[in-house]
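**Q** quick one: sequence plus predicted model below, questions after.
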Amino acid sequence: LSVFAQDGKEKHAYQSDVARLRKIVINSLYSHRDVFLRELISNANDALEKLRLTSLTEPDVLTGAEQMNITIQATRDEDGSGRIIITDTGIGMTADELTNNLGTLAKSGTSEFLSRAESDTSGNGNLIGAFGLGFYSSFLVADRVQVASLAAKSSKNPDPKQYVFSSGADENSFDIFTDPRGNTLGRGTEITLFLKGDAGEYLEEKTIKDLVNKHSSFSTAFPIYLLTHRVEMVPKEVPEEEPVA
Ligand SMILES: COC(=O)c1c(O)cc(O)c(Cl)c1CCC(=O)Nc1cc(O)c(OC)cc1O
């Protein structure tokens, strides 16, 4: 990986596979681009499950954020562009994990997935989820994605710092830098999707609610809150609204 620091940011080059994979995901899933929400909720659910399991042997991972939940926030900015922000208080990621999990294809078998998916793009929908590649479905609706993450405290990581992974849809590189906001998450991961011009429908509360309920057939063991009013930061204590699923 060619890494060079510039204005405090570490610029990383994607492995060639990642760019190839992202094209496949976008092309084969475009007709079902709603899947991005199912995939990101599923990732959040997995990270919360990982936290719950880890806490059985390492209780100090629970410090930082009391609740185990998922929040979805849709916000329209002044210039009419919109963002969807999906936050979970799961296990979170260190800078290295952001680089390895999102920037490179550490998953085994991905090259097999790549060859299969390139030839037959019909059944890729569920293949994507199976390979834990759901993150790439973000680029179905976003032209830029930022992932802020604060890893859970542990004996080998007693004072974790919050980092940001930032990538554009058609760039062949991504940036990793410390979050200028500081440790705002308490613990977990916050995905910010900068929506494409033609994806404004996902800013509607009804659209999100219907999608969450449609896909909540898969078991999310954790409450999902939908925040639609404009909030600068997702508040630590999520208001006692009814979870949408
Ligand atoms: C640990 O997972 C996360 O923090 C997380 C989350 O809470 C919400 C999300 O939307 C996403 Cl994308 C993530 C990262 C999930 C991920 O990419 N995990 C992952 C990927 C790998 O290739 C891997 O290979 C070793 C291991 C992973 O955990």
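**A** Received the coordinates, thanks. Numbering: from 1, shown residues only.
**Q** downstream of whichever helix in the chain runs longest, the next helix or strand is which one?
**A** For the chain, the longest helix by residue count, based on DSSP state H, is helix 35-57. Using DSSP states H and E, the helix or strand that follows helix 35-57 in sequence is strand 70-76.
**Q** how big is the angle separating that following strand from helix 35-57?
**A** 140 degrees (axes from the mean of the first three to the mean of the last three Cα atoms, to 10 degrees).
**Q** stretch 72-91: end-to-end distance?
**A** Taking Cα to Cα, to the nearest Å, stretch 72-91 runs 18 Å from one end to the other.
**Q** what of stretch 95-103?
**A** 11 Å.
**Q** show residues contacting that stretch.
**A** For stretch 95-103, the external contacting residues (Cβ atoms under 8 Å, 6 or more residues apart in numbering) are 1, 12, 14-15, 18, 93, 106, 135, 147, 149, 151, 161, 163, 165, 167, 174, 176. In this view, the C-beta of every residue, glycine as well, is placed from N, C-alpha and C.
**Q** where along the chain do the helices fall?
**A** For the chain, helices defined by DSSP H occupy the ranges 16-29, 35-57, 95-97, 110-119, 124-130, 205-215.
**Q** and those: which comes nearest the ligand?
**A** Distance to the ligand, taken as Cβ to the nearest ligand atom, is lowest for helix 35-57 among the helices of the chain, at 3.1 Å.
**Q** now the closest one against helix 16-29, angle please.
**A** Using the same axes, to 10 degrees: helix 35-57 against helix 16-29 is 120 degrees.
**Q** packing partners of helix 35-57?
**A** strand 70-76, strand 82-88, helix 124-130, strand 188-195, helix 205-215 (3 or more Cβ pairs under 8 Å, 6 or more residues apart in numbering; DSSP states H and E).
**Q** close to the ligand: what parts of the chain are there?
**A** 40, 43-44, 47, 88, 90-93, 101-102, 106-107, 132, 135, 149, 189, 191 (Cβ under 6 Å from any ligand atom).
**Q** now the most centrally placed residue in the chain. Nearest residue, chain neighbours left out?
**A** Compute the mean C-alpha point of the chain, and by Cα atoms, centre = their mean the closest residue is residue 191, 4.2 Å away. Nearest non-adjacent residue to residue 191, counting by Cβ to Cβ, 6 or more residues apart in numbering: residue 86, 4.7 Å away.
**Q** show the pLDDT at that neighbour.
**A** We have a pLDDT of 96 for residue 86.
**Q** so it bridges to which residues?
**A** residue 72, residue 191 (DSSP bridges).
**Q** contact partners for it?
**A** 37, 40-41, 44, 70-73, 190-191, 193.
**Q** dump the residues you listed into JSON lines; add pLDDT as well.
**A** Converted to JSON lines, these look like this (pLDDT from 0 to 100):
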{"residue": "37", "pLDDT": "93"}
{"residue": "40", "pLDDT": "94"}
{"residue": "41", "pLDDT": "92"}
{"residue": "44", "pLDDT": "94"}
{"residue": "70", "pLDDT": "94"}
{"residue": "71", "pLDDT": "95"}
{"residue": "72", "pLDDT": "95"}
{"residue": "73", "pLDDT": "94"}
{"residue": "190", "pLDDT": "97"}
{"residue": "191", "pLDDT": "97"}
{"residue": "193", "pLDDT": "96"}
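**Q** how many residues are close by residue 171?
**A** Using other Cβ atoms under 10 Å, residue 171 is surrounded by 14 other residues.
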